[in-house]
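Visitor: Test case, fold it:
(chains A and B)
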Amino acid sequence: MATPDISIESDELPARKTILQRTGRLARKQPLGFAGGIVVLAMIIMAIFAPWLAPFDPEQANFADMLVPPGAASNMGDGLFLLGTDQFGRDLFSRIIYGARTALTVGFTAAIIGSFAGLALGVASAYFGGYFDLVLQRIIDVFMAFPLIIMALAIVAIFGTGTDKVIIAITIPFIPRCARVVRSSALAVREMPYVDAARSIGYGNARIIFRHIAPNVVAPFLIMLTAFLGEAILLEASLSYLGLGVQEPTPAWGLMLQGGAEEYAESAPWVPIFPGLAITIAVFGFNLFGDAVRDALDPRLRSR
Amino acid sequence: MKSRLTRFAASVVLGSALAVGAGSISASAQEYGGELRLVVGSKIPSYDGHIESTFGMIHPIRPFYSMLIRINPDNPSSPTDFVCDLCVGDVPEPTNDGKTYTFKIRQGVTFQDGTPLTSADIKATFDKMAFPPEGVASNRKAYFKMIDSIETPDPETVVFNLKFASGTFIPSVAMPFNFVYSKKDLDEHGYKWHQTNINGSGPFHFVEHVQGSHVLGKKNPNYYHEGMPYLDGFRAISAPKMSVRLQAIRGGQADIEFRGFPPKARDDLVKALGDQVTVQESDWNCVLLVTPNHKVKPFDDPRVRQALSLAIDRAGGSKYLSQIAIVKTVGGIGFPGHPLSSTPEYLEKNIIGYGKDVEANRARAKELLKEAGHENLKFTLHNRGVDQPYKVVGTWLIDQWKRIGLDVEQWVQPSTPFYATLRTKKDFDVSLDFNCQAVVNPIADISKFLPSGGANYSDFEDQQLEDIYNELLQTGDPAKQRELFAAYEKRVLNDLASQFITLWWYKINPYRSYVKGWKIAPSHYLNQSLENIWIDQAEYKKQLGG
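Guide: Numbering: from 1, shown residues only, chains lettered A, B, ... in the order given. Here you go, the predicted model:
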């Protein structure tokens, strides 16, 4: 009987791919999501390193350089205004870089708090069921009956303007939306045998919820979280544009658009155009990135 | 004093005559007919002129009413040119050592409901404003503190008896809010009826008010000023957004806006319409004030308040902000250029924050803050959610204060909660506030700075300031008035720094050049009866067709 020829090479593990190779594979597989990821990364870098990246103080008015067009030099000899200046002579490029900080502060804070609060409520609602679920879902129905922007406007009207108030105004409408989606997944997880097993050996509710159910609804949770990021940035810009969000002189894209769109759209079009572009690119980037995350986490889409 | 008054009138008239673009305001033969479409950027809180103070009410409602006297519609830039409206002849000279004014009332005037107007209606109107019963609001009560009694010896005569002679009486009577109401309406319907109903004797009759849309008026066929009004009617269109108002004029959907546009908007309109637009400009009897809350630390310390004023480069602000906002003129507490007001030279030498050496001012501000122990002060500037000029000036102030090391955030509120914060909650550090008046009447206008004036939100008391003002109110001698005015100003801006001035507003009115006859005044409340406005029909057809 012949001995099978077992090559020594067959015991070797396949060569480990480098980060660059894996990034290249991701870029080929998810080109749009990859582009979105680049935008998100760029925004994060802009936000963190704003003091080093911005050539001018974003809040410092310099009236000798009012409404200078893009690419023009400062009349004070301070340097070049890459994207021009606004009506107070402030460098638009610097304000856009710092504006990323405002957008991400509001976006991440609102999206993370809103999503985690929604996760807790959604899982609890599914797990406890009964009267608690019924009442909570009806409350969520009430909240979800209002469009996001209307709900946010109402909250700002109650709490007032400012960065902290805007975060609250955006966070609150996110909670019921995340809770509703998470609950539907948690309802299925609740019926799994391992949950029954955990219950039968006497684990407490908190342990079952946080150790056994919550980790199994993380896919829809992450999808909601990434979707909320783009929405939060857009909402912050919308509220600031309406004069109800972040206030001058804080650099914020919506606020920059509001200050420039009405009066300078004709005579100094760069004033509204660049903040508008920044909002568009950021929201587009976050949406593409969110779609890619969804595709990666959804088993039905993963094999395609 | 007289020569200063003449110079003042001349300078304001010159300013008002400034026409940008090819349109002109030259007089020519008036034409009858047409409807004037004006855009109004504020809501109508009520129709009652005696309780309101907003152009949102004046612009659409004033044309329905008459006044006892008014500023001369043909010379509205003058602060002293008053003419009779419902009275006959010239504005009367006082008798009895300046304590009695006797007006002869025009006969044959009727209200819109047909009721004849007599001296009893004038008395009822001024009684309502000067002596309102408890529970009835009157925003004009403080202006008529000098009135002792009003008598009507016959239907054609009304006599005002004053407690003391006062130079502010005639300007106060000429205020455009003093609509003359029918005594019959007041007797039958009470003092609140005019808040929701209109029955006037002005150049136009009320037709309709569609909330949020428009107010419609038609020509009063029985109007008592001969040959007027020229228009068949007017339509006051509600348009809260500035861009909408601007584009309405540009697109031919509206003819005029009476409050005023910022400089860029004027430039865009002139660039787009060329000689189809006329522009009138004028100094404006409106100023933004910085109001520190004296009950909040450290703004109870005059050194901190003085430092805030010293940090402001008013001359630089005037040069640059006037290119982007409806502010321009550097001045003290009185309307710039008025004989009673301080001159720029006087302000520069005597009032803190007006000196030309900005760096020296700021160095002194830093010293004061250090002395007070608040070098790196952080506070919130409370502001009104209106772009022009509030938010623009607020942003500028924050930049100015940053230059002396202060860290200031802006807290913006819409108008209603903004005033609730100033008047009732009082939970602000430092706020912007405004002093906008109609007829230029500096002695009355500066009551804004008086702790007991009713409109001072700094929350402090100062008997010395009260005493100076009371003396000023009862002094007829112009030289003495100026002396007391200067003392009052120094007390407000230097010693107490209780409030301080930013920049005076500047009024810019671009409008379609087929609109003729209107002359700009130093207030957006004045000269709004519309009776002297007419439409050049040929020019209208040329510009808009049909």
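Visitor: Check the secondary structure at the residue lying closest to B:Ala438 once chain neighbours are set aside for me.
Guide: Leaving aside its sequence neighbours, B:Ala438 sits nearest to B:Tyr525 (C-beta to C-beta, 6 or more residues apart in numbering or on different chains; 3.9 Å). In short, each C-beta sits where N, CA and C put it, glycine included. Assigned with DSSP: H, G, I helix; E, B strand; the rest coil, B:Tyr525 falls in the coil class.
Visitor: At which residues are the helices of the stretch 51-200 of chain A located?
Guide: Assigned by DSSP state H, counting those that start in this stretch, the stretch 51-200 of chain A shows helices spanning A:92-128, A:130-144, A:148-159, A:163-190, A:193-200.
Visitor: So for A:Ile279, which of these sits nearest?
Guide: Nearest of those to A:Ile279, taken as C-beta to C-beta: helix A:92-128 at 8.1 Å.
Visitor: Could you give me the buried positions within the closest one?
Guide: A:92-115, A:117-127 (16 or more other C-beta atoms under 10 Å in any protein chain shown).
Visitor: how big is the angle separating it from helix A:148-159?
Guide: 100 degrees (axes from the mean of the first three to the mean of the last three C-alpha atoms, to 10 degrees).
Visitor: Show me how far helix A:92-128 is from its chain's centre.
Guide: Counting by C-alpha atoms, centre = their mean, to the nearest Å, helix A:92-128 is centred 6 Å from the centre of its parent chain.
Visitor: Mind checking if it is in reach of chain B?
Guide: No: Helix A:92-128 is not in contact with chain B by C-beta under 8 Å from any C-beta of the partner chain; minimum separation 12.6 Å.
Visitor: packing partners for that helix?
Guide: With contacts taken as 3 or more C-beta pairs under 8 Å, 6 or more residues apart in numbering or on different chains; DSSP states H and E, helix A:92-128 sits against helix A:31-48, helix A:50-53, helix A:130-144, helix A:163-190, helix A:218-241, helix A:253-264, helix A:270-297.
Visitor: Mind telling me which residue of chain A is nearest chain B?
Guide: Distances between chain A and chain B by C-beta to the nearest C-beta are smallest at A:Phe63, namely 3.6 Å.
Visitor: Any chance of the helices of the stretch 51-200 of chain A in a markdown table with mean pLDDT as columns?
Guide: What follows is the helices of the stretch 51-200 of chain A, written out as a markdown table (pLDDT from 0 to 100):
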| stretch | mean pLDDT |
| --- | --- |
| helix A:92-128 | 93 |
| helix A:130-144 | 93 |
| helix A:148-159 | 88 |
| helix A:163-190 | 92 |
| helix A:193-200 | 90 |
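Visitor: Out of those helices, flag the one nearest B:Ser238.
Guide: helix A:148-159 (21.1 Å).
Visitor: May I see the buried residues of that closest one?
Guide: In helix A:148-159, counting by 16+ other C-beta under 10 Å, buried: A:148-149, A:151-153, A:155-156.
Visitor: quick one: is it near chain B?
Guide: No: counting by C-beta under 8 Å from any C-beta, chain B is not contacted by helix A:148-159; separation bottoms out at 8.7 Å.
Visitor: For that helix, C-alpha coordinates in CSV please.
Guide: C-alpha atoms of helix A:148-159 as CSV (Å, rounded to 0.1, in the frame of the first residue of the first chain):
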residue,chain,number,x,y,z
LEU,A,148,-35.6,64.6,13.0
ILE,A,149,-35.2,68.3,12.2
ILE,A,150,-38.5,69.2,13.7
MET,A,151,-37.8,67.3,16.9
ALA,A,152,-34.4,68.9,17.1
LEU,A,153,-35.9,72.4,16.5
ALA,A,154,-38.4,71.8,19.3
ILE,A,155,-35.7,70.8,21.7
VAL,A,156,-33.5,73.8,20.8
ALA,A,157,-36.5,76.0,21.4
ILE,A,158,-36.8,74.6,24.9
PHE,A,159,-33.1,74.4,25.9
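Visitor: What lies in contact with it?
Guide: Residues outside helix A:148-159 that contact it (C-beta atoms under 8 Å, 6 or more residues apart in numbering or on different chains) are A:143, A:146, A:165-166, A:168-170, A:172-173, A:231, A:235, A:238-239, A:242, A:244-245.
Visitor: give me that answer again for 10 Å
Guide: Identification of contacts with helix A:148-159 by C-beta atoms under 10 Å, 6 or more residues apart in numbering or on different chains yields A:110, A:143-147, A:162, A:165-166, A:168-174, A:176-177, A:228, A:231-232, A:234-236, A:238-239, A:242, A:244-245, B:414, B:417.
Visitor: ok, now stretch B:346-359?
Guide: B:305-316, B:330-333, B:336, B:341-345, B:361, B:363-365, B:368, B:400, B:403, B:486, B:489-490, B:492-495, B:497, B:500-501.
Visitor: any idea which element B:Phe160 lies in?
Guide: strand B:157-162 (DSSP states H and E).
Visitor: what packs against that strand?
Guide: Counting contacts by 3 or more C-beta pairs under 10 Å, 6 or more residues apart in numbering or on different chains; DSSP states H and E, strand B:157-162 is packed against strand B:100-104, helix B:119-130, strand B:147-154, helix B:169-173.
Visitor: how does it look with 6 Å?
Guide: Packing contacts for strand B:157-162, counted by 3 or more C-beta pairs under 6 Å, 6 or more residues apart in numbering or on different chains; DSSP states H and E, involve strand B:100-104, helix B:119-130, strand B:147-154.
Visitor: Give me the angle between it and strand B:147-154.
Guide: 160 degrees.
Visitor: and the stretch 101-250 of chain A, which residues reach chain B?
Guide: Within reach of chain B by C-beta under 6 Å from any C-beta of the partner chain, the stretch 101-250 of chain A has these residues: A:161, A:243, A:247-249.
Visitor: And those residues, which is closest to A:Pro275?
Guide: The closest of these, once distances to A:Pro275 are taken by C-beta to C-beta, is A:Glu248, at 13.3 Å.
Visitor: so what pLDDT did the closest one get?
Guide: Listed pLDDT for A:Glu248 reads 88.
Visitor: ok but it is inside a helix, no?
Guide: No: secondary structure of A:Glu248 (three-state DSSP): coil, not part of a helix.
Visitor: Which element, helix or strand, includes the nearest residue to it once chain neighbours are set aside?
Guide: Leaving aside its sequence neighbours, A:Glu248 sits nearest to B:Thr395 (C-beta to C-beta, 6+ apart; 4.3 Å). Element membership of B:Thr395, judged by DSSP H and E, is helix B:392-402.
Visitor: In contact with the residue in the stretch 151-300 of chain B that chain A sits nearest to, which residues?
Guide: Closest residue of the stretch 151-300 of chain B to chain A, C-beta to the nearest C-beta: B:Ser243 (4.4 Å). B:Ser243 sits next to A:Glu262 when contact means C-beta atoms under 6 Å, 6 or more residues apart in numbering or on different chains.
Visitor: I'd like the helices and strands packed on helix A:92-128 written out as a markdown table, with mean neighbour count added.
Guide: Listed next are the helices and strands packed on helix A:92-128 as a markdown table, based on neighbours: other C-beta atoms under 10 Å in any protein chain shown:
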| stretch | mean neighbour count |
| --- | --- |
| helix A:31-48 | 17 |
| helix A:50-53 | 13 |
| helix A:130-144 | 13 |
| helix A:163-190 | 22 |
| helix A:218-241 | 24 |
| helix A:253-264 | 24 |
| helix A:270-297 | 20 |
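Visitor: ok, how many other residues are close to the closest residue to the residue of chain A closest to chain B other than its chain neighbours?
Guide: In space, and not counting its chain neighbours, A:Phe63 is closest to B:Tyr320: 3.6 Å by C-beta to C-beta, 6+ apart. With neighbours defined by other C-beta atoms under 10 Å in any protein chain shown, the count for B:Tyr320 comes to 20.
Visitor: Isn't B:Tyr320 up against A:Ala64?
Guide: No: with contact defined as C-beta atoms under 6 Å, B:Tyr320 does not count as touching A:Ala64 (8.1 Å).
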